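Student: Quick one, fold the following:
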Amino acid sequence: MKRDNKKVIYWLFSGCALIFIMVVVGGITRLTHSGLSIPDYKLISGIIPPINDQQWQEAFELYKQYPEYQKLNSNISLTEFKGIFFWEWLHRVIGRAIGLVFIIPFLYFLITRQLDKSTIKKTIILLILGSFQGFLGWYMVKSGLVDKPDVNHYRLAAHLTTAFVTFAFTLWVALDLIFPIKQTINKTYRNLIRIGLAILFIQIIYGAFVAGLDAGFIHNNWPMMNEGKFMHETVLIEKTPLYKNFIEGRSGVQFVHRILAFIVVFSVLIIYINGKKIAVSNYQLYGLKSLLILVGVQSLLGVLAILLQVPLWLGIAHQIGAFLLLSSMIFTLHRFSK
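Tutor: Coordinates of the predicted model:
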């Protein structure tokens, strides 16, 4: 059978779209404190939510056995419980859908020989990443079901970052098929974009730290922190030893996230200025322009999120902004790499 790369490309883009939707719903789940509303995990039967009063009551009674209800939500009503249950249930259903969307077409393309050896290897990596992502989701939720009713911020960061990595790699594989003809590249400039991408990923990790520690609800001023200080004294005194302030302290983590935002903007400006000098195709120029626009939009959303104490819509918009900025960085890197 003749290979049809268009079908494979559409398949990969549909995977990208589902990962994007899953991360957005995951953000809503986090910001509405819905992530611990379903303490158990049933791979097959869990697809169907409670459909009658008895099943809802059973789900509510199960929730009552865990710390989040006992320590934080003891006054929650069944109606309110249904609201938080919905977001966690939807998040899990999308995760299952992603598994099916990746596995079933992959087997079809494999049987019909629509994939070359290189693409097969790449898609196997994607399947491994997707499986690992599902495991991390369960591992993250598990951390909030004992003693402290809140997920571990390291596990949250691992879960979110793996989703971004899976998305980025899926997009890269699709771009490989869209642009199969290799071109002469400037390796020095390519490495510059790689450095920018690495900085962006570190910033994404710290964004997850901010979310996991609820660090966006303090120091709601900009460009300075509280009391008009560039670095508030709480940045250095919340945790011991000193270095833990920058990975576990709320003030310290927010401070690092602020500084990294400036570094990301600076790195994108360097990429843009140098890229304009050597760009030879419209795709390269599109990538550079999108980077410049999106880093500006994302920076504005970050500032507003701090000033307004992270309202739900703005928290989600900031997360979407990160996704779009990463997409732009991947596209630009690809166009200057192959």
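Student: Hmm, Ser143 is touching Asn152, no?
Tutor: Yes. Counting by C-beta atoms under 8 Å, Ser143 does reach Asn152; the two are 3.9 Å apart. In short, each C-beta sits where N, CA and C put it, glycine included.
Student: what's the domain layout of this structure?
Tutor: 1-180, 183-338 (automatic domain parsing).
Student: Worst mean pLDDT among those domains?
Tutor: Mean pLDDT is lowest for domain 1-180 among the domains of the chain, at a mean of 89.
Student: all helices for the chain, in order.
Tutor: Ranges of helices within the chain are 5-31, 53-63, 67, 78-111, 117-143, 153-178, 187-212, 234-237, 250-278, 282-307, 312-335, based on DSSP state H.
Student: Quick one, which of those helices gets closest to Tyr41.
Tutor: Judged by C-beta to C-beta, the one of these that comes nearest to Tyr41 is helix 117-143, at 5.8 Å.
Student: what comes up buried for that closest one?
Tutor: Neighbour counts using 16 or more other C-beta atoms under 10 Å place 119, 122-123, 126, 129-130, 132-134, 136-137, 140-141, 143 of helix 117-143 among the buried residues.
Student: Which of the residues you listed lies at the shortest distance from Ala305?
Tutor: Closest to Ala305, out of all of the buried residues of helix 117-143 and judged by C-beta to C-beta, is Met140, at 22.1 Å.
Student: that older thread, need the overlap of contacts for Ser143 and Asn152.
Tutor: Taking C-beta atoms under 8 Å, 6 or more residues apart in numbering as the contact rule, Ser143 and Asn152 touch no residue in common.
Student: To Asn220, which of the helices of the chain lies closest?
Tutor: Per C-beta to C-beta, nearest to Asn220 of the helices of the chain: helix 282-307, 5.7 Å.
Student: between that closest one and helix 250-278, how big is the angle?
Tutor: Counting by axes from the mean of the first three to the mean of the last three C-alpha atoms, to 10 degrees, helix 282-307 lies at 160 degrees to helix 250-278.
Student: ok, back up a step: nearest to Met224 among the helices of the chain would be which one?
Tutor: Taking C-beta to C-beta as the measure, the helices of the chain were each checked against Met224, and helix 250-278 came out nearest at 9.7 Å.
Student: Give me the angle between that closest one and helix 312-335.
Tutor: Relative orientation of helix 250-278 versus helix 312-335 (the same axes, to 10 degrees): 40 degrees.
Student: Now do the buried residues in helix 250-278.
Tutor: Using 16+ other C-beta under 10 Å as the test for burial, helix 250-278 gives 250-258, 260-261, 264, 267-268, 271-272, 274-275.
Student: ok, now stretch 304-321?
Tutor: Quick answer for stretch 304-321 (16+ other C-beta under 10 Å): Ala305, Ile306, Val310, Leu314, Gly315, Ile316, Ala317, His318, Gln319, Ile320, Gly321.
Student: Alpha carbons of that stretch, as CSV, please.
Tutor: Only the C-alpha atoms of stretch 304-321 are listed here, as CSV (Å, rounded to 0.1, in the frame of the first residue of the first chain):
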residue,chain,number,x,y,z
LEU,A,304,-1.9,40.2,35.1
ALA,A,305,-2.1,36.8,36.9
ILE,A,306,0.1,38.1,39.7
LEU,A,307,-1.7,41.4,40.0
LEU,A,308,-5.2,39.9,40.0
GLN,A,309,-4.3,36.9,42.2
VAL,A,310,-4.8,34.2,39.5
PRO,A,311,-8.5,34.2,38.7
LEU,A,312,-9.5,31.0,37.0
TRP,A,313,-9.8,32.4,33.4
LEU,A,314,-6.4,34.1,33.7
GLY,A,315,-4.7,31.1,35.1
ILE,A,316,-6.0,29.0,32.2
ALA,A,317,-5.1,31.7,29.6
HIS,A,318,-1.5,31.8,31.0
GLN,A,319,-1.2,28.1,30.7
ILE,A,320,-2.5,28.3,27.1
GLY,A,321,0.0,31.0,26.4
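Student: who touches that stretch?
Tutor: Here stretch 304-321 makes contact (C-beta under 8 Å, 6+ apart) with 23-24, 27-28, 31-32, 207, 211, 216-217, 219-222, 294, 297-298, 301-302.
Student: out of the residues you listed, which are buried?
Tutor: Neighbour counting over the contacts of stretch 304-321 (16+ other C-beta under 10 Å) leaves 23-24, 27-28, 31, 207, 211, 216, 219, 294, 297-298, 301-302 as the buried ones.
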